[in-house]
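Asks: sharing a model prediction with you, sequence too.
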Amino acid sequence: MTFHSMWAELRPIGRSSASGGYRRFAWTGADTDCRDWFRQQAESRGLTYELDRNGNQWAWLGDPAEGDAVVTGSHLDSVPDGGAFDGPLGVVSSFAALDELRARGVRFTKPLAIVNFGDEEGARFGLACVGSRLAAGQLTVEQAHRLTDADGITLPQAMERAGYDPAAIGPDPERLGRIGAFVELHVEQGRALDLSGDQVGIASAIWPHGRWRFDFRGEANHAGTTRLVDRHDPMLPYAETVLAARREARLAGAVATFGKIAVEPNGVNAIPSLVRGWLDSRAADQATLDTVVDGVERAAREYAEAQGVELDVVRESFTPVVEFEHALRDELARILGKDRDAALNVPVLGTGAGHDAGILSGTVPTAMLFVRNPTGVSHSPAEHATEDDCVAGVTALADVLEGLACR
């Protein structure tokens, strides 16, 4: 099966006819359909299919017990109304790269695996990279059991309803111990490659990033009869905090976004009693990130106090800076540059987006390849990669896998 036929087969799953974006949320029907597709791809190639204790899917060529395996893959879930490429491009390209290597007639000297990590985007339960975090021991069983979606359904309940055993979740050191290198291909979430004119690049690092919940608690009241001076309206300090986040990020050369909000009682003619907003902030280094978040929180508390509103700030998730292993990163550059004038002329770039590769980096050697995105847009239906660039990504991934697993 070619890259194009696989892409055409996967592309309709979970797509919204209204927005054109994807709603492939963890442990839902669309997620099940994606998982079925992955299993079919594995079995059609004669690969050994495994579902691990945390719901991550694996397709093995060779005996994983031999160790020092080379693993590639990504994820198939999406953010709300996300694009087609974020995650799925890496999974489809992994199967296509294996097909390319078989067509080349290469002989594998190490086990090879393709993986689909579950719930990478965190769209349903609010925490990104749940599958890889559980496997790496960065999310405890107790913490995972406390995760709930907007309807109050817990992660274990969702897994059970989808036919999986939530009692089995937890760290998976034996499985991760089999991995000698993990390489994740991903569409670039930005325009660095488009600006440089390159089809493929190599990741250098992932910026430190996190999510903070700001709870502004005021007093519910009638919107038509309550004088302005008598109000304790939490929407006002929230709105000012959104602007403060933009200001702090601009001054620091970072990014900060309030992209999700919940309001109670959420009535047109009611002053809110609670406005809950989630801040996503990222920066090139830890000190800068701390400066931004501290500045946003300080401003929020000043605004809340001025309106007679209480404020609670909770850090819901955090990932420190990830420097991908230099030796593996340099080996990718050597492999991809071997037929060019210079061995290190493949662009190396950082990213503000989190990935499963970043979570695993503390446990196994990891690296990433990026495929050019001419729009620079991600987490949106406008996310895009051309057919030629996708094929170039497959070729680059095949070259890397051959260099790592066939020597």
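Replies: Received, thanks.

Asks: what lies in contact with the longest helix along the chain?
Replies: Within the chain, and with DSSP state H defining each element, the longest helix by residue count is helix 286-306. Helix 286-306 is contacted by residues 207-210, 212, 214, 216, 234, 236-237, 240-241, 244-245, 248-249, 252-254, 256, 279, 281-283, 310-311, 313, 320-321 when judged by C-beta atoms under 8 Å, 6 or more residues apart in numbering. Every C-beta, even on glycine, is put in place using the N, C-alpha and C of the backbone.

Asks: looking at these, which are in helices?
Replies: Using DSSP H, those in helices are 236, 237, 240, 241, 244, 245, 248, 249, 252.

Asks: adding pLDDT, write those residues out as CSV.
Replies: Formatted as CSV, the ones in helices among the contacts of helix 286-306 follow (pLDDT from 0 to 100):
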residue, pLDDT
236, 98
237, 98
240, 98
241, 98
244, 98
245, 98
248, 98
249, 98
252, 97
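
Asks: closest one of those to residue 95?
Replies: residue 249 (38.6 Å; C-beta to C-beta).

Asks: please name the nearest non-neighbouring residue to residue 13.
Replies: residue 33 (4.7 Å; C-beta to C-beta, 6 or more residues apart in numbering).

Asks: could you say which helix or strand contains the one you found?
Replies: helix 29-44 (DSSP states H and E).

Asks: remind me what that helix packs against, helices and strands.
Replies: Judged by 3 or more C-beta pairs under 8 Å, 6 or more residues apart in numbering; DSSP states H and E, the packing partners of helix 29-44 are helix 3-10, strand 48-51, strand 57-61, strand 112-116.

Asks: coming back round to it: could I have the buried ones of the contacts of helix 286-306 as ChimeraX selection syntax?
Replies: Buried members of the contacts of helix 286-306, defined by 16 or more other C-beta atoms under 10 Å, are picked up in ChimeraX with:
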select :207,208,209,210,212,214,216,234,236,237,240,241,244,245,248,249,252,254,256,279,281,282,283,311,321
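
Asks: mind checking how far the longest helix of the chain is from the chain centre?
Replies: 26 Å (C-alpha atoms, centre = their mean, to the nearest Å).

Asks: coming back round to it: could I get the helix holding residue 33 in PDB with only the CA atoms?
Replies: Extracted C-alpha coordinates of helix 29-44, given in PDB (Å, rounded to 0.1, in the frame of the first residue of the first chain):
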ATOM      1  CA  GLY A  29     -15.300   6.200  18.200                       C
ATOM      2  CA  ALA A  30     -13.000   8.100  15.900                       C
ATOM      3  CA  ASP A  31     -10.000   7.000  18.000                       C
ATOM      4  CA  THR A  32     -11.200   3.400  17.800                       C
ATOM      5  CA  ASP A  33     -11.400   3.700  14.000                       C
ATOM      6  CA  CYS A  34      -7.900   5.100  13.900                       C
ATOM      7  CA  ARG A  35      -6.600   2.300  16.100                       C
ATOM      8  CA  ASP A  36      -8.300  -0.300  13.900                       C
ATOM      9  CA  TRP A  37      -6.600   1.300  10.900                       C
ATOM     10  CA  PHE A  38      -3.200   1.000  12.600                       C
ATOM     11  CA  ARG A  39      -3.700  -2.600  13.400                       C
ATOM     12  CA  GLN A  40      -4.800  -3.400   9.900                       C
ATOM     13  CA  GLN A  41      -1.600  -1.700   8.500                       C
ATOM     14  CA  ALA A  42       0.600  -3.800  10.900                       C
ATOM     15  CA  GLU A  43      -1.100  -7.100  10.100                       C
ATOM     16  CA  SER A  44      -1.100  -6.500   6.400                       C
END
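
Asks: list the buried ones in it?
Replies: Going by 16+ other C-beta under 10 Å, helix 29-44 has these buried residues: 30, 31, 33, 34, 35, 37, 38, 39, 41, 42.

Asks: one more: stretch 60-69?
Replies: 60, 61, 62, 64, 69.

Asks: out of those, flag the one nearest to residue 397.
Replies: Of all the buried residues of stretch 60-69, residue 397 sits closest to residue 61, with 14.7 Å by C-beta to C-beta.

Asks: residues contacting the residue nearest to residue 260 when sequence neighbours are not counted?
Replies: Among residues not flanking residue 260 along the chain, residue 278 sits closest, at 4.3 Å (C-beta to C-beta, 6+ apart). Shown in contact with residue 278 (C-beta under 8 Å, 6+ apart): 126, 211, 212, 213, 214, 258, 259, 260, 261, 316.

Asks: thank you, goodbye.
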